[in-house]
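S.K.: here's a sequence, model it:
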Amino acid sequence: RRVSSVLNRDVKQFGKQHLFDGSEDTCWNSDQGTSQWVTLDFPRPVKVSQLQVQFQGGFSSRLCTLEGCRTGEELVKISELYPQDSHAMQISSARMALQKFQVQETVLDRLKITFGSGTDFFGRVVVYHLGVLGERL
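M.R.: Purely as a prediction, here's the structure:
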């Protein structure tokens, strides 16, 4: 896991580990900037079929671009997602589209999620939960 930035470099309080810890009290909080991102490297190929994301309302992204690749290849665009500016859990799926929030099923070793067009004036993004579901191959 890698992230573009952490608010005030306070990794203990706002670091990437909080994206997946399952706690409602912790979050990844990016620093300011035009776009923020999260990159996930999987130990073996996976077929991604669903993305779950929970932003803090007011610190979300109007556009999420998903890129992926196999080991040794360049990232290619998979999907563009249009989440709501909400604190609610938002779920995308190749089989079920909620609003314009759909993921194309793709086999990959690396996934990059870029959060663009943030709702915060300074471009900060706050994510309480990030889930990537699929099948290990």
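S.K.: any idea how far the residue nearest to Ile91 when sequence neighbours are not counted lies from Pro83?
M.R.: Spatial nearest neighbour of Ile91, excluding adjacent residues (CB to CB, 6 or more residues apart in numbering): Gln52 at 5.1 Å. For every residue, glycine as well, the C-beta is placed using N, CA and C. Applying CB to CB, to the nearest Å, the value for Gln52 to Pro83 is 11 Å.
S.K.: check Gln36 too.
M.R.: According to CB to CB, Gln36 and Pro83 sit 13 Å apart.
S.K.: what's the overlap in contacts for those two?
M.R.: By CB atoms under 8 Å, 6 or more residues apart in numbering, Gln36 and Pro83 have these common neighbours: Ser61.
S.K.: how many neighbours does the residue nearest to Ser60 when sequence neighbours are not counted have?
M.R.: Among residues not flanking Ser60 along the chain, Asp85 sits closest, at 4.7 Å (CB to CB, 6+ apart). Applying other CB atoms under 10 Å, we find 15 residues neighbouring Asp85.
S.K.: again with Leu81
M.R.: 23.
S.K.: so it makes contact with Gln50?
M.R.: No: using CB atoms under 8 Å, Leu81 is not in contact with Gln50; the gap is 11.5 Å.
S.K.: any idea which helix or strand carries the residue nearest the centre of the chain?
M.R.: For the chain, Ile113 is the residue whose C-alpha lies nearest the centre (CA atoms, centre = their mean; 4.6 Å). Here Ile113, judged by DSSP states H and E, is contained in strand 106-118.
S.K.: mind listing what's buried in that strand?
M.R.: For strand 106-118, the neighbour count (16 or more other CB atoms under 10 Å) marks Thr106, Leu108, Asp109, Leu111, Lys112, Ile113, Thr114, Phe115, Gly116, Gly118 as buried.
S.K.: kind regards, and thank you for your time.
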